[in-house]
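**Student:** need coordinates for the following:
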Amino acid sequence: MSTTVFCLHALGSSSEEFVGLRTRLAGTLDLIGIDLPGFGRSSAVTGTTVEEMVELVERAIGRSGVTEWALIGHSMGGKIASVVASRTIDGSNGLFGLRAVVLLAASPLAPEPMDDDRRSTMLGWAADGEIGPDEAETFVDANTASRLPTEPHDTAVDDVRRAAPQAWTDWLVRGSREDWSTAFPPNPVPALVLAGAEDGDLGPDAQRELTLPHWTAGELAVVPGAAHLLPWEQPDEVADRIRAFWRRRVDHGPVVPAATARVIASPRVSARMRGVLAVRALPDAPDREPRALDHHQLDTLRALARVVVPQPGERHLDLALRVDAQLADGLGDGWRPDGLPADVDAYRAGLDALQSETAHGDDHLAEVLDAVAAGEYTPSSGSLDADQLRAWLEDASVDLVKQWAAHPATMAAMDYDGFANGGDGVRKQGFLLLGAGEREAWEPTGAAR
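**Tutor:** Below you'll find the predicted structure:
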């Protein structure tokens, strides 16, 4: 089944701008457009601040019931998508299942760069209570590298004309200037940032400077022959880039079963735990450069992972890459076997000692690891002796198993739901009070202890 993608449009546009992409990506992704307040068929009465637009989108995602989803945000919608993604990945909005984000000529979390004279002109278009046909056409033509074909041109112009003047004005005066850049830490969700080669304020330089730093797993691509209205100008190119990104970067690794995803999104799970599980559930980047190990060492660790933690099915976790990140971030369990050097040095030495054994296949490597665990294998090279190599292998095996067991899809397979023990409401996780005869705050008066 295709992953659902919620699409958030640009200023003066609507969900209509994603019709072409929806057709082109059918079979890979299922695109659903959301009209933001005051645009398309959506009333502005629900509110036009960034916070109010974010809440509208979050409610729509929650009502949909989907448990595996992504976001596409264009221009104004890019800022909204970035906030929704950040609040999803920290667990605070109660959503779960976000796989990736695509940002098209996105308004950044920081105040959007915009020429003051152009802002003033655009505000003047809505000053008399409606945006006229000439002004709408001027807006569309100014934001495209060349004039659009008749049908998309007319649809884009009609979208501008039916924008609520108050929503149009509110974005230019307030929403585009809101600064959310320090509200969240950098986001690890896989992100594709597309910029039109001929865009002005929100072109490649702005995306590289203002948008990309927020996404630790982000990548920037430039679309030739396009300015700002990417879905209208280059729908084939944009669809091809999204499809390639999805297949290469997102569509692999285990997916959390729907029933478990709904539990994680429920009030029984705290925001902090939901955020932890959201990060663990993100797909690995198969082409990511190792951070603590070299390429040969990472390949050796991948071979060890196949033997130590054989994973069923076709969608596997890259356990070696996750352990590499653990080493780079210094996030070990704090324990080190006696006689071993620091974790990173021990891993490098242990993997170097076993590298030559991986050339003979996994069955051979399994026999070697059995000999190492029994203390019967003497390394032919490297700085570790037999006892040290045995101790390191035991430690490395624990790390690999922990990375596998910590993934929420694995927890679902094991029927483990110990993370759903109270949430942030009156029945908070853990115990508020300890002691015979005491009553928890959530218990009714007279509850027996």
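
**Student:** need the contact list for the residue lying closest to residue 226 once chain neighbours are set aside.
**Tutor:** With sequence-adjacent residues excluded and distances taken as C-beta to C-beta, 6 or more residues apart in numbering, residue 226 is closest to residue 196, at 3.7 Å. C-beta: built from backbone N, CA, C; applies to glycine. The neighbourhood of residue 196, defined by C-beta atoms under 8 Å, 6 or more residues apart in numbering, consists of 105, 145, 203, 222, 223, 226, 227, 228, 229, 230, 233, 234.

**Student:** and for residue 269?
**Tutor:** Neighbour list for residue 269: 91, 263, 277, 419, 420, 423 [criterion: C-beta under 8 Å, 6+ apart].

**Student:** follow-up on the earlier one: show me the contacts of residue 196 that map onto strands.
**Tutor:** Using DSSP state E, the subset of those located in strands is 222, 223.

**Student:** which ones among the contacts of residue 196 lie within helices?
**Tutor:** Counting by DSSP state H, those place 230, 233 in helices.

**Student:** quick check: the farthest pair among the contacts of residue 196?
**Tutor:** The largest separation in these, counting by C-beta to C-beta, is between 222 and 229 at 15.3 Å.

**Student:** out of the two, which sits in the more crowded spot?
**Tutor:** Neighbour totals were compared for residue 222 and residue 229, and residue 229 leads with 28 against 16 (other C-beta atoms under 10 Å).

**Student:** how far away is that one from residue 11?
**Tutor:** Between residue 229 and residue 11 the distance is 11 Å, computed by C-beta to C-beta, to the nearest Å.

**Student:** what of residue 299?
**Tutor:** Using C-beta to C-beta, we find residue 299 at a distance of 48 Å from residue 11.

**Student:** more crowded one of these two?
**Tutor:** residue 11 (25 against 16).

**Student:** contacts only, for the closest residue to that one other than its chain neighbours.
**Tutor:** Leaving aside its chain neighbours, residue 11 sits nearest to residue 76 (4.4 Å; criterion: C-beta to C-beta, 6+ apart). Taking C-beta under 8 Å, 6+ apart, we find residue 76 in contact with 8, 9, 10, 11, 36, 107, 171, 175, 176.

**Student:** and of these, the nearest to residue 333?
**Tutor:** residue 8 (40.7 Å).

**Student:** number of residues surrounding the closest one?
**Tutor:** Using other C-beta under 10 Å, residue 8 has 31 neighbouring residues.

**Student:** and it, its phi and psi?
**Tutor:** With angles defined as degrees, to the nearest 10, residue 8 sits at phi -120, psi 120.

**Student:** and if you look at the one 10 residues further on?
**Tutor:** According to degrees, to the nearest 10, the main-chain angles of residue 18 amount to phi -100, psi 0.
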